[in-house]
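K.L.:
Quick one: sequence and predicted model below, then my questions.
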Amino acid sequence: MKSNVKRIILLVFEWLIIVLLCYGAYVGYSFFKEYKRATVNGVLDYETVVVNDGDGIRDIAETLKTSGVIKFKTTFLIKAFEDGYAGKFQPGSYEVSREMSLKDVCETLTYVETDNTPVNETTRFTIPEGYSVEMMGKRLEEKGLCKAEDFYAAANKTDYGYDFLKDIPDKGQKYKLQGFLFPDTYEIYVGSSAEEIVMKMLDGFASHLKEFEGYEGDYSMYDLVTIASIVEREAKLDDERPLIAGVVYNRLDINMKLQMCPTVLYAITDGMYDVNQVLYSDLEVENPYNTYVYEGLPIGPICCPGLASLKAAINPEKSTYLFYHTDDETVGNHIFSETYEEHLDSRIKK
């Protein structure tokens, strides 16, 4: 009898250990997933987060957790200290999303005051990487900064005095400045016009022109920005962006159609990227942005890429890969293949 009781107790203990180990593994995976998460490309659901005067970094972490932006305070703390944001957070009301990377959350909560921008006369707005002109216009109108239609009109002009705009071709693209409005957090005077907002974002792009210095390839800056825009919509992980850019170049080099799904999504969603699935019928849509129908690059950028994607387009990683597909949706990494047969085989769950 005692032996049976001991056996039952031991069995219960073993199961308890298994449950605890499984729970620990789940928590560990969730922690790592949050720490490594990338900003979702699309229309984000924002939460208003208030940082009060005197709040310390742990107070801010608690606020973010309470609002649902993060699950683990420690992931935010690690990222803040690791990337040098600790001690730079400023009081104010911010809009952040649980779909933003922790780095983007930190950057949004960080504000450096300059001498010529009095706080009581300015307002801030954030444009995530991968936003299209269409998404920006909607976002700015929702924030009450300008009318979307005014922003669209301003984004279709090139007479802003920047030399890099002179070489933008007229290919019938929707917005001539698509790709050149740099995604970042900006501060503008309250009541600024759509043109002034556009100029701020063009200033942002101009600040990174040095990245193009020394480029010796055959593609124009406009082509490079177009490639970067595709990379931006295709990649979630920064370390994969150069490799994805390399695949784009490999296909272009052999006159193979790019067949990149984001170019289809841009066409069928009118630039809003509010559809997650591409149907086979969508691939046949007659649209000059659709790289399933037309060879070469689309007629223009399909979004406004961030710095990592621009760098990837200018300095792609050389490989013999021609294909790739998503491996883990939650992480956003890809499996790369040299042949179509390998590409199909790698899609089979084993």
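P.N.:
All right, it came through fine.
K.L.:
State the helix or strand in which the residue most central in space within the chain lies.
P.N.:
Centroid check for the chain by CA atoms, centre = their mean gives E129 as the closest residue, at 4.1 Å. Using DSSP states H and E, E129 is not contained in any helix or strand.
K.L.:
count of neighbours near K138?
P.N.:
Here the number of neighbours of K138 (other CB atoms under 10 Å) works out to 17. Any C-beta I mention is one placed from the backbone N, CA and C, and that applies to glycine too.
K.L.:
Now do it, the pLDDT please.
P.N.:
With respect to pLDDT, K138 has a value of 95.
K.L.:
Report the spatially nearest residue to it, omitting neighbours in sequence.
P.N.:
Leaving aside its sequence neighbours, K138 sits nearest to A148 (CB to CB, 6 or more residues apart in numbering; 5.7 Å).
K.L.:
Same question for G87.
P.N.:
Nearest residue to G87, sequence neighbours excluded (CB to CB, 6+ apart): I57, at 7.5 Å.
K.L.:
just checking, the one you found touches A86?
P.N.:
Yes: between I57 and A86 there is a contact at 5.5 Å, judged by CB atoms under 8 Å.
K.L.:
what sits in contact with each of these two?
P.N.:
With contacts defined as CB atoms under 8 Å, 6 or more residues apart in numbering, the residues shared by I57 and A86 are A80.
K.L.:
which stretches of this protein have low pLDDT?
P.N.:
1-5, 12, 19-20, 22-28, 40-44, 111-120, 346-350 (pLDDT under 70).
K.L.:
quick one: T66 is in a helix?
P.N.:
Yes: checked against DSSP: H, G, I helix; E, B strand; the rest coil, T66 lies within a helix.
K.L.:
Would you mind extracting the C-alpha trace of stretch 170-187 into CSV?
P.N.:
Extracted in CSV, the C-alpha atoms of stretch 170-187 (Å, rounded to 0.1, in the frame of the first residue of the first chain):
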residue,chain,number,x,y,z
ASP,A,170,8.0,60.2,-65.1
LYS,A,171,6.8,56.6,-65.5
GLY,A,172,3.2,57.2,-64.6
GLN,A,173,3.8,56.2,-61.0
LYS,A,174,1.1,57.1,-58.5
TYR,A,175,3.3,59.4,-56.4
LYS,A,176,6.6,60.7,-57.5
LEU,A,177,7.9,61.0,-54.0
GLN,A,178,7.0,57.5,-53.0
GLY,A,179,10.1,55.9,-51.5
PHE,A,180,11.8,59.3,-50.7
LEU,A,181,9.7,60.3,-47.7
PHE,A,182,12.0,58.9,-45.0
PRO,A,183,10.2,57.0,-42.2
ASP,A,184,11.1,58.4,-38.8
THR,A,185,9.7,60.5,-35.9
TYR,A,186,9.4,64.1,-36.8
GLU,A,187,8.6,67.3,-35.0
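K.L.:
Now that stretch: buried residues?
P.N.:
Going by neighbour count (16 or more other CB atoms under 10 Å), the buried part of stretch 170-187 is 173-186.
K.L.:
So which residues of the stretch 251-350 of the chain form strands?
P.N.:
323-328, 333-337 (DSSP state E, counting those that start in this stretch).
K.L.:
what's the most buried one of these?
P.N.:
Mean neighbours per residue, mean count of other CB atoms under 10 Å, is largest over these for strand 333-337, with a mean of 19.
K.L.:
give me the number of residues near Y152?
P.N.:
Y152: 17 neighbours (other CB under 10 Å).
K.L.:
quick one: what helix or strand has it in it?
P.N.:
helix 148-154.
K.L.:
where along this protein do the helices fall?
P.N.:
2-36, 57-67, 73-82, 102-108, 133-142, 148-154, 194-206, 221-234, 241-253, 261-268, 307-314, 340-346 (DSSP state H).
K.L.:
Distance of G271 relative to D238?
P.N.:
Separation of G271 from D238 (CB to CB, to the nearest Å): 24 Å.
K.L.:
Looking at the two now, which is surrounded by more residues?
P.N.:
The residue with more neighbours, out of G271 and D238, is G271; 24 against 16, by other CB under 10 Å.
K.L.:
Verify the contact between that one and E134 for me.
P.N.:
Yes: using CB under 8 Å, G271 is in contact with E134, at 3.3 Å.
K.L.:
For these two, list the residues in contact with both.
P.N.:
K174.
K.L.:
picking up where we left off before, in JSON lines: the strands of the stretch 251-350 of the chain, plus distance to V190.
P.N.:
Formatted as JSON lines, the strands of the stretch 251-350 of the chain follow (distance: least, CB to CB, whole Å):
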{"stretch": "strand 323-328", "distance to V190": "42"}
{"stretch": "strand 333-337", "distance to V190": "42"}
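K.L.:
In contact with the residue nearest to K138, which residues?
P.N.:
A148 touches 137-138, 140-141, counting by CB under 8 Å, 6+ apart.
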